[in-house]
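Novice: My questions are about this predicted structure, shown below with the sequence.
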Amino acid sequence: MKNLPCVGLTCSLFISGSSIGADAALVADSKKVSGVEYLYADVSDANTILAAIDSGLLSRYQGKDRAAWQQVYREKDAELTKELGSLPTSGLSSRDSRAIAAMQKQTKAFTGGGALFSPAAKCHDAARKDIVYPNLKSALVACFVEIGNSLTFEGGKINRVSALDLLHETSDPGRRKAVFLAFVPLWQAINGNNEPDSPYRRMIAGAVAEAAKDGSEIDNAARDVGIDPAEVERWLVQILEAWRDSSSEAMVEPWDFRFQAGEADRLLGMYIPLDSLRPINQRYYRDLGADLEQMGTLYDLGPRPEKAALAYTEFVTHGRMVSGVWKPTIARVSAPYERGGLFVLNELVHENGHVVNITAIRNRPAFVDWPSDLFAEAFADVPAWSTYEPSWQRRYLGHEVPEQLSLRALFSVVMLDVAWSLFELRMFRAPTSDPNALWTDITSRYLHIVRHPELSWWAVRVQLADLPGYMVNYGFGAILTAEMRKHITESLGPFDTGDPRWYGWLSEHLLRYGSEHDTRTLMQDFLGRPVSPQALLEQLHRLKPLSSQHTADLFRVPDSSIPPH
Ligand SMILES: [Zn+2]
């Protein structure tokens, strides 16, 4: 673990004349609250260190093994519960009161270890009708691990991420359809034969009942932008319509959709072998003023059978002031990568967008935490979308593809996220709907995908089972991504080929608050106005429909021996 030296503007914030005010903001007003807050920071660290150990990334951390960390966690957590309960309920500054509320909320989410997205549950339990909602959800996530990590294809096994990647890259239409159909066992595990009491339909009924108590992810996203859920739906539809208007009228099969839009991935794939993913990612962030290696970021990017079935980023330790010096946040990135390619590289840059988001937080311990899900996912795509700009490709890959092909590849993936957002929004509103019919309706209407209501081909994202409603943070989050990219470009300048001021400037203007500010206030302060879908619509208006000749060329069967599909 290395200490983070001062980076750009972030550093000057603490050394310059503003340092007294800035430092004061990093500790509690009340001494008693401050003591509890540092205890909270210890418990929070033990919690995320245990998760890092249980993920399989490491067996010891800071000289302690799992048992030792568990002991730290148990003892300090018990003490924290007692101390939090004994804090005065009046006479505190409003900021201290908000910090206490934040700690109370966050401690409820502590798990004290356990592998993320790799539950002890078994997939076959999902078929049981008597299973309660949280266990049903865990069983469905287990299906993504058990089945999604070993799809049968051409006599061998591939994982879900590789299969999705192959859908972009496989030029043989028969082989492409075979990759697509390799998902059938997963779809059946998630949604049975699409019967009214299929595992997914029972799960979504449970999710809706749960959301009736605390609100859904969709309600949260609406609140984060300051609009109502009906408006969220209108914005999602508006975006899908803009995509439809920029696409050709020809209908494509679902196994051809990613291929048709993924020409950029195919043309650049050979320049992005698996072992180049990390160096390219590091170099881009270094050019943005964020040296991931110096930050001590931990990477666990290889596949393992028991490993989480998706890429994610998490704290290992939380940054805090120690004797007047900022001790930085350490983050880790986990992913099951078997292959390189632009689609995978884009995801890795997204994960590291999460890394720079959390390492840039400079706040008192109660607020050194993730901002809202919507903000976190939207921000991670701010640097990630650059990978689909020709100028980025020229600099970091030494090769580029035309802008139209690049943008179509990027936004086809974004549009699937928007389609899933709308799908979940409508499932939450009417949980007895037929999900296959709903998905078929959305994808045929806006993405011009041939109707296949007999296939639950929407069931390829772990989030649909693990965090129902979460897809809105990607699909609707794209609106915030476009807003932030536009505002940064206008305020600081273009950053697709790097800008060493980028990380420091964003730390100061957007990221340093952590979870203290709600997303609506944060975005309003950053943009100087409320969020609107306009910036994303402008990006979609850069797209021009592919000519029918281009489409025909793309689908010309290269080898007459290939059977028709
Ligand atoms: Zn993410």
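Specialist: Perfect, thanks for sending it. Residues are numbered from 1 along each chain as shown.
Novice: The ion contacts on the protein?
Specialist: 377, 380 (C-beta under 5 Å from the ion). For glycine as for every other residue, the C-beta is placed from the backbone atoms N, C-alpha and C.
Novice: residue ranges with poor pLDDT in the chain?
Specialist: 1-24, 115-119, 546-565 (pLDDT under 70).
Novice: Can you pull up the most central residue in it?
Specialist: Glu377 (4.7 Å; C-alpha atoms, centre = their mean).
Novice: which residues does Ser276 contact?
Specialist: Gly340 (C-beta atoms under 8 Å, 6 or more residues apart in numbering).
Novice: didn't Asp381 look like it was pressed against Ile479?
Specialist: No - if you go by C-beta atoms under 8 Å, Asp381 and Ile479 don't touch, sitting 10.8 Å apart.
Novice: Can you tell me the SS state at the closest residue to Arg512 other than its chain neighbours?
Specialist: Distances taken as C-beta to C-beta, 6 or more residues apart in numbering place Arg362 nearest to Arg512, at 4.5 Å, with adjacent residues excluded. Following DSSP: H, G, I helix; E, B strand; the rest coil, Arg362 is assigned to coil.
Novice: So Arg362 is in contact with Leu26, correct?
Specialist: Yes - the pair Arg362 / Leu26 is scored as a contact, 6.7 Å apart, by C-beta under 8 Å.
Novice: Overlap of the contact sets of the two?
Specialist: Counting by C-beta under 8 Å, 6+ apart, the residues touching both Arg362 and Leu26 are Trp326.
Novice: Am I right that Thr152 is in a strand?
Specialist: Yes - assignment of Thr152 by three-state DSSP places it within a strand.
Novice: contacting residues around it?
Specialist: 182, 185.
Novice: From Asn191, how far out is it?
Specialist: 19 Å (C-beta to C-beta, to the nearest Å).
Novice: residue ranges of the helices in the stretch 451-565 of the chain, please?
Specialist: In the stretch 451-565 of the chain, the helices defined using DSSP state H, counting those that start in this stretch lie at 463-466, 472-475, 477-491, 502-506, 519-527, 534-540, 548-555.
Novice: which helices and strands sit right next to the second one?
Specialist: For helix 472-475, the packing partners by 3 or more C-beta pairs under 8 Å, 6 or more residues apart in numbering; DSSP states H and E come out as helix 217-225, helix 373-384, helix 403-429.
Novice: next one: the first one
Specialist: With contacts taken as 3+ C-beta pairs under 8 Å, 6+ apart, helix 463-466 sits against helix 133-146, helix 199-214.
Novice: which other residues reach the last one?
Specialist: Looking back up the chat, that one is helix 199-214. 126-127, 129, 132-133, 136-137, 139-140, 189-192, 195, 216, 219, 427-428, 431-432, 435, 456, 459, 464-465, 468-469.
Novice: Weed out the non-buried ones from the residues you listed.
Specialist: 126, 136-137, 139-140, 189-192, 216, 219, 427-428, 431, 435, 456, 459, 464-465, 468-469 (16 or more other C-beta atoms under 10 Å).
Novice: Does Ile190 touch Ala465 like I think?
Specialist: Yes - here Ile190 reaches Ala465: they are 6.5 Å apart, a contact under C-beta under 8 Å.
Novice: Report the set of residues contacting both of the two.
Specialist: Common neighbours of Ile190 and Ala465, using C-beta under 8 Å, 6+ apart, are 140, 143, 200, 459.
Novice: Go ahead and confirm the residue nearest to the centre of the chain touches Val472.
Specialist: No - Glu377 lies out of contact with Val472 (C-beta under 8 Å); the separation is 9.2 Å.
Novice: Deepest-packed of the helices and strands packed on helix 463-466, please.
Specialist: Of all the helices and strands packed on helix 463-466, helix 133-146 carries the top mean neighbour count, a mean of 22, counting by mean count of other C-beta atoms under 10 Å.
Novice: helix, strand or coil for Arg332?
Specialist: strand.
Novice: so how many other residues sit close to it?
Specialist: 23 (other C-beta atoms under 10 Å).
Novice: partner residues bridging it?
Specialist: Counting by DSSP bridges, Arg332 forms beta bridges with Leu298, Glu314.
Novice: wait, doesn't it sit right on Val316?
Specialist: Yes - between Arg332 and Val316 there is a contact under C-beta under 8 Å: 5.1 Å.
Novice: Neighbours of Glu538, how many?
Specialist: 12.
Novice: Could you pull up the residues touching it?
Specialist: Taking C-beta under 8 Å, 6+ apart as the test, what Glu538 contacts is 482, 486.
Novice: so where do the strands sit in the stretch 201-350 of the chain?
Specialist: In the stretch 201-350 of the chain, the strands defined using DSSP state E, counting those that start in this stretch lie at 298-300, 312-317, 320-322, 325-327, 330-334.
Novice: contacts for the first one?
Specialist: Judged by C-beta under 8 Å, 6+ apart, the contacts made with strand 298-300 from elsewhere in the structure are 52, 55-58, 278, 316, 330-335.
Novice: same thing but 7 Å
Specialist: With contacts defined as C-beta atoms under 7 Å, 6 or more residues apart in numbering, strand 298-300 is touched by 55, 57, 278, 316, 330, 332-334.
Novice: Name the nearest of those residues relative to the ion.
Specialist: For the contacts of strand 298-300, the minimum distance to the ion (C-beta to the ion) is 10.3 Å, reached by Val333.
Novice: picking up where we left off before, tell me which of Arg362 and Leu26 has more neighbours.
Specialist: Arg362 (26 against 19).
Novice: distance of the more buried one from Pro328?
Specialist: In terms of C-beta to C-beta, Arg362 sits 9 Å off from Pro328.
Novice: Ok, Leu425 next?
Specialist: Taken as C-beta to C-beta, the span from Leu425 to Pro328 is 38 Å.
Novice: repeat for Thr313
Specialist: For Thr313, the distance to Pro328 - C-beta to C-beta - is 15 Å.
Novice: what's the answer for Ile449, then?
Specialist: From Ile449 to Pro328 the distance is 45 Å (C-beta to C-beta).
Novice: ditto for Val356
Specialist: As judged by C-beta to C-beta, Val356 and Pro328 stand 12 Å apart.
Novice: Looking at those two, which one has more neighbours?
Specialist: More neighbours surround Val356 than the other of Val356 and Pro328, with 26 against 23 (other C-beta under 10 Å).
Novice: how about the helices and strands packed on helix 472-475, which one is nearest Leu92?
Specialist: Evaluated with C-beta to C-beta, those place helix 217-225 nearest to Leu92, the distance being 25.9 Å.
Novice: the inter-axis angle of the closest one versus helix 373-384?
Specialist: 70 degrees (axes from the mean of the first three to the mean of the last three C-alpha atoms, to 10 degrees).
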